[in-house]
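Chemist: Make a model of this:
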Amino acid sequence: MPYCPQCGSQVGAADQFCARCGGRQPTTATAASPPPPPFAGGISNRNAAMLCYIPWVGWVAAIVVLASERFRHESEVRFHAFQGLYLFVAWLLVEWVISPLFWWDNFPLHRLFPDALHLVILIAWILMIIKVSQGENYRLPIIGELADRSVSEQRT
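Modeler: Numbering: from 1, shown residues only. Just a heads-up that it's a prediction; the model follows:
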């Protein structure tokens, strides 16, 4: 059965106009093609969750996962998207709030504490990529609880 090239709904083979949008239909059956696959339709849940933990850019994948209709009812993938977002927010807090506080200090190792926090967050990103790739459902201590709350609030 052919599809409308404007709205993607099914139309009859002999229909000249779409019943849904009113768009004129092509005359040949080969011109009408099926609608494109849904966004992120070919990606597995595990891969989508792993993309949310890519250091410094995983927040983009996390927002795409949270906004995508395909993952609307996948609570584990949404959990990983929230946890990846919260890890990125922790990175930003260290970068924009904690690091400037230590620039005032005359102590020679004034950058050691913020750099150590950055290293901890980077290790958490890498750890989560490994855990998700192995199919383990690991929750980080504080950030995991926040992500659990966010997912449960979205269900209600």
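Chemist: How about the secondary structure of the residue most central in space within the chain?
Modeler: The chain has Ala62 as the residue nearest its centroid, 2.3 Å off, counting by C-alpha atoms, centre = their mean. Under DSSP: H, G, I helix; E, B strand; the rest coil, Ala62 falls in the helix class.
Chemist: what's the weakest-modelled helix or strand in this structure?
Modeler: Taking mean pLDDT, DSSP states H and E as the measure, the helix or strand of the chain with the lowest value is helix 99-101, at a mean of 83.
Chemist: buried stuff in stretch 142-156?
Modeler: By 16 or more other C-beta atoms under 10 Å, the buried positions in stretch 142-156 come out as 143-144, 147, 150-151. From N, CA and C alone the C-beta is placed, and that goes for glycine too.
Chemist: before we move on, the earlier item: just the residues contacting the least confident helix or strand of the chain, thanks.
Modeler: Residues from elsewhere that reach helix 99-101 (C-beta atoms under 8 Å, 6 or more residues apart in numbering): 111, 114.
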